[in-house]
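Enquirer: coordinates for the following, if possible.
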Amino acid sequence: TVAEADEAFRETRRTVADSLTVAWDKVLSVARLRFDSDNRESLVSLDSGEAVPCSALSRGLRDFLLRLGLVFREYFDSDKQAGIVSLDDPEQGLHPSLCLGLIDLYRSILDSHDTRLFVATHSPLIATQFPATSRVVLGFGENGHIVARPGTAPEGSDPERLLRQDFGVQLTDWQRRVRRAGEVTKLKRAIRQTEDQSELADLLDEVMSLRRR
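Expert: Numbering: from 1, shown residues only. Below is the predicted model of the structure:
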């Protein structure tokens, strides 16, 4: 039965289960969730301990956990010397905060193996996690054929810089105003929460600076 197979896995490969729990917890903690491999009734719960059915997780998060688990199972405690892992749109359905550490999670599994990681993405948040020399930008040439060229924006660049340098995308005035409004909102929230007069003065200066732009 499934229960018997699960019990056999836990008895013989406990280290795998524990290590995978750590990896999954890194993902879930961003959403203030935790993975409890010992809880048969509910593997996922809130920080408060309240159970969360897996069906309540977003499809993007479920797919991410599954992908990560499959790669982990394939490479954990393995003597593989070579391999290729390909990810297609790994950011699909994920909150941006999850995308920021996504590639590092895969790298943490593959670092001890001679394995190439290939990622096809539409997200600048994912692309900035690779050095320019490892980033390939696809586009159309004058004859309509697809051409490939290396990226130019440095690893860890601001997504706006990557879009501008690698793809020639410029923010419109409307996009700039939306971004500036978001920054002002964050600063106002920080102003309400701070009790440090020096910090308050700095925050007010930032707000005035943004409004003058």
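Enquirer: got the buried residues for stretch 92-106?
Expert: Buried residues in stretch 92-106, counted by 16 or more other Cβ atoms under 10 Å: Leu94, Leu98, Cys99, Leu102, Ile103, Leu105, Tyr106. No exception for glycine: its C-beta is placed from N, CA and C like everyone else's.
Enquirer: could you pull up the mean pLDDT of that stretch?
Expert: The average of the pLDDT scores along stretch 92-106 is 85.
Enquirer: and if you look at stretch 139-152?
Expert: Averaged across stretch 139-152, the pLDDT comes to 88.
Enquirer: end to end, how far does it reach?
Expert: Criterion Cα to Cα, to the nearest Å; first-to-last residue distance in stretch 139-152 is 15 Å.
Enquirer: before we move on, what about stretch 142-155?
Expert: Stretch 142-155 has an end-to-end distance of 29 Å (criterion: Cα to Cα).
Enquirer: Pro154 is in contact with Gln129, correct?
Expert: No: Gln129 lies out of contact with Pro154 (Cβ atoms under 8 Å); the separation is 11.6 Å.
Enquirer: more neighbours: those two, which one.
Expert: Under the criterion of other Cβ atoms under 10 Å, the comparison of Gln129 against Pro154 puts Gln129 first, with 21 against 12.
Enquirer: quick one: pLDDT of Ser209?
Expert: Note on Ser209: pLDDT of 74.
Enquirer: number the residues from 21 up from this point.
Expert: Fine by me, first position is 21 from now on; the one you just mentioned is Ser229.
Enquirer: flag every buried residue along the host helix or strand of it.
Expert: Assigning secondary structure by DSSP states H and E places Ser229 in helix 217-232. Of the residues in helix 217-232, Leu223, Glu226 count as buried by neighbour count, 16+ other Cβ under 10 Å.
Enquirer: which residues of this structure fall in strands?
Expert: Secondary structure of the chain (DSSP state E): strands located at 53-55, 64-66, 71-72, 103-108, 135-140, 156-160, 166-170.
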